[in-house]
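Novice: Need the 3D shape of this:
(one chain, ligands or ions: 1)
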Amino acid sequence: MDFNDTPEEAAFRKEARAFLEKHLKPKGSERASRDRANMLEKAKAWQKTKAENKFAQITWPKEWGGRGGTAMQNVIWGQEESKFDAPTGPFAIGLGMCVPTVIAFGSDEHKERYVQKALMGEEIWCQLFSEPSAGSDVAGLKTRAVKDGDDWVINGQKVWTSGAHYSDYGILLVRTDPKVPKHKGLTMFIVDMKQPGVEVRPIHQASGGREFNEVYFTDVRIPDKDRLGDVGAGWKVALVTLMNERLAVGGSPGPDWAEIMEYARDHGSLSDQAFREKLADWYVAAQGYKLTKFRTQTALSRGQTPGPENSIGKIITANHLQDICNSAIEMQDHFGIINETDRMPGDAIFQQSFMWAPGLRIAGGTDEILKNIIAERVLGLPQDVRVDKDKPFDELKSG
Ligand SMILES: Cc1cc2nc3c(=O)[nH]c(=O)nc-3n(C[C@H](O)[C@H](O)[C@H](O)COP(=O)(O)OP(=O)(O)OC[C@H]3O[C@@H](n4cnc5c(N)ncnc54)[C@H](O)[C@@H]3O)c2cc1C
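Specialist: Next comes the predicted model:
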């Protein structure tokens, strides 16, 4: 592949950069990174500005408010936006995973009702898949939906639901038939998160944040018309969401080798042989990942869909992030244990990212699951053992 932009791509990059410079501050600029108040309002306002200027959802069709752009334009937009302090967090799951699922499986009425409002930043969505004993094996979930007239009645519990505390709607995967094998008895619904019977309990994290939740459903009624896909076909619907999730969480927000090198230079650690060896390892891994990403871009620029080899991105970046932050905190000596953004170099970016990195190694597929995918689907090694695949769910020990 030619790694340089084509004239059309260069023109789009220039237009995107000019738009970003007009509206945002560069990432890491002191004022931008300290200014964290009212994050949700800022995220909604930024989403609206993007949507009004056709920079929200680059590849979505114009009829749904997108730009109708190419996959390469989407890559370029991502590269440019990541250089700025863009408050995109609250929309990543909704616009990256949930609403595309509504577009793929919803009725015309659903699309009219939900897509535009989500795109304009007026409504936020969450993804309700994981349960206390069903994360990697999400098909083992137990939250039940029982048909009652034109409604379904939902009872059960979800966990680790990012952003549920500020979400308006969610896509909800539930068990509608326990008598068939686990993948066949699931159904997907749109759920109104503000309705009676939906209880959202924030989980308090070690970092002090509260970004994830337990969500309890007690006799929650969902009309059958808010079903996404056929009854019992929820696994197929979920796979579309999960495919988008793997693409959406591939990146790694946080400091990289260049930032720790700059920090080490300021603190005289570059003269330390052991540190220099680590730095070389991080650099080599980062270059390897960059070239792997070029392969993905080559596939996209040829109109192909990137394959399971993409799973390597999150394994490398999440582990890398954890290692870099760990080393930076060690380098800070006794200052390393302070977690006050105002008193730490770089607004405690290494401390904050150190606490986030383990979550990144779990969300959207754990390291082990991604390695299984690479082993089976890239390297062609034998499949993981799946003894419960064809048994009715209610005959399984965990069911
Ligand atoms: C930051 C964060 C955000 C999240 N946001 C959401 C969200 O918005 N919505 C949502 O639905 N969920 C969300 N989750 C949940 C996430 O999808 C699950 O935590 C994840 O899928 C792992 O499942 P688990 O926690 O049940 O771990 P388990 O599946 O119980 O895994 C425990 C350990 O066993 C290993 N393991 C399991 N099966 C295998 C296997 N077959 N082979 C080898 N090793 C295996 C795992 O890799 C892991 O190390 C989030 C999680 C995090 C950390």
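Novice: Any stretches of the stretch 1-150 of the chain with poor pLDDT?
Specialist: 1-2, 28-37 (pLDDT under 70).
Novice: For the ligand, what is the nearest residue in it?
Specialist: Using Cβ to the nearest ligand atom, the closest approach of the stretch 1-150 of the chain to the ligand is made by Gly135 at 1.8 Å. Every C-beta, even on glycine, is put in place using the N, C-alpha and C of the backbone.
Novice: any idea how far Ala134 is from the residue lying closest to that residue once chain neighbours are set aside?
Specialist: Excluding its sequence neighbours, the residue lying closest to Gly135 (Cβ to Cβ, 6 or more residues apart in numbering) is Trp160, at 7.4 Å. Distance, Trp160 to Ala134, using Cβ to Cβ, to the nearest Å: 11 Å.
Novice: near the ligand, which residues of this structure show up?
Specialist: 93, 126-130, 135-137, 160-162, 212, 359, 362-363, 366, 368-369, 372, 384 (Cβ under 6 Å from any ligand atom).
Novice: now stretch 378-389: mean pLDDT?
Specialist: Averaging pLDDT along stretch 378-389 yields 89.
Novice: Please enumerate residues in contact with it?
Specialist: Pro181, Lys182, His183, Gly307, Pro308, Glu309, Ser311, Asn372, Ala375, Glu376, Leu396 (Cβ atoms under 8 Å, 6 or more residues apart in numbering).
Novice: Got the confidence number for Val249?
Specialist: 47.
Novice: what packs against the longest strand along the chain?
Specialist: In the chain, with assignment by DSSP state E, the single longest strand is strand 212-223. Other helices and strands packing on strand 212-223, by 3 or more Cβ pairs under 8 Å, 6 or more residues apart in numbering; DSSP states H and E, are strand 151-158, strand 186-192, strand 198-203.
Novice: Most proximal residue of the stretch 201-350 of the chain with respect to the ligand?
Specialist: Counting by Cβ to the nearest ligand atom, the stretch 201-350 of the chain gets nearest the ligand through Phe212, at 5.6 Å.
Novice: Now do the contacts for that residue.
Specialist: Here Phe212 is in contact with Trp160, Thr161, Ser162, Ala164, Pro202, Ile203, Gln205 (Cβ under 8 Å, 6+ apart).
Novice: Wait, a strand at the last one?
Specialist: Put plainly, it is Gln205. No. Per DSSP: H, G, I helix; E, B strand; the rest coil, Gln205 lies outside any strand segment and is coil.
Novice: Contact partners for the residue nearest to it when sequence neighbours are not counted?
Specialist: Closest residue to Gln205 apart from its sequence neighbours, by Cβ to Cβ, 6+ apart: Glu211 at 6.8 Å. Residues in contact with Glu211, defined by Cβ under 8 Å, 6+ apart, are Ser162, Gly163, Gln205.
Novice: List the buried residues of stretch 199-219.
Specialist: Val200, Ser207, Glu211, Phe212, Asn213, Glu214, Val215, Tyr216, Phe217 (16 or more other Cβ atoms under 10 Å).
Novice: Nearest to Ala18 among these?
Specialist: Comparing these against Ala18 with Cβ to Cβ places Glu211 closest, at 32.5 Å.
Novice: surely Asp151 meets Arg221?
Specialist: Yes. Asp151 is within contact range of Arg221, at 4.5 Å (criterion: Cβ atoms under 8 Å).
Novice: Of the helices and strands packed on strand 212-223, which stretch is the most buried?
Specialist: Stretch with highest mean neighbour count among the helices and strands packed on strand 212-223: strand 186-192 (a mean of 23; mean count of other Cβ atoms under 10 Å).
Novice: quick one on the thing from earlier: ok, the residue nearest to Gly135 touching Pro132?
Specialist: No. Contact criterion Cβ under 8 Å: Trp160 and Pro132 do not qualify, at 9.4 Å.
Novice: out of the two, which sits in the busier spot?
Specialist: Trp160 (21 against 12; other Cβ atoms under 10 Å).
Novice: Now do the same contact list for the nearest residue to Lys184 once chain neighbours are set aside.
Specialist: Once flanking residues are discounted, Lys184 sits nearest to Gly232: 5.8 Å by Cβ to Cβ, 6+ apart. Residues counted as contacts of Gly232 (Cβ under 8 Å, 6+ apart) are Thr176, Asp177, Val180, Lys184, Gly185, Leu186, Thr187.
Novice: Would you mind reformatting those residues (as CSV) and adding columns for pLDDT while you're at it?
Specialist: Converted to CSV, these look like this (pLDDT from 0 to 100):
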residue, pLDDT
Thr176, 98
Asp177, 98
Val180, 97
Lys184, 97
Gly185, 98
Leu186, 98
Thr187, 98
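Novice: what's the farthest-apart pair in those?
Specialist: That would be Val180 and Thr187, which, of those, are the farthest apart (Cβ to Cβ) at 11.7 Å.
Novice: Might you report the residue contacts of the closest residue to Pro61 other than its chain neighbours?
Specialist: If the residues on either side of it in the chain are set aside, Pro61 comes closest to Gly68, at 5.6 Å by Cβ to Cβ, 6+ apart. The contact partners of Gly68, taken as Cβ under 8 Å, 6+ apart, are Thr59, Trp60, Pro61, Lys62.
Novice: What is the burial count for the last one?
Specialist: When you say that, I think you mean Lys62. Using other Cβ under 10 Å, the number of residues around Lys62 comes to 10.
Novice: does the residue lying closest to it once chain neighbours are set aside count as helix, strand or coil?
Specialist: Excluding the flanking residues, the one nearest Lys62 by Cβ to Cβ, 6+ apart is Gly68, at 4.3 Å. At Gly68 the chain is in coil, as set by three-state DSSP.
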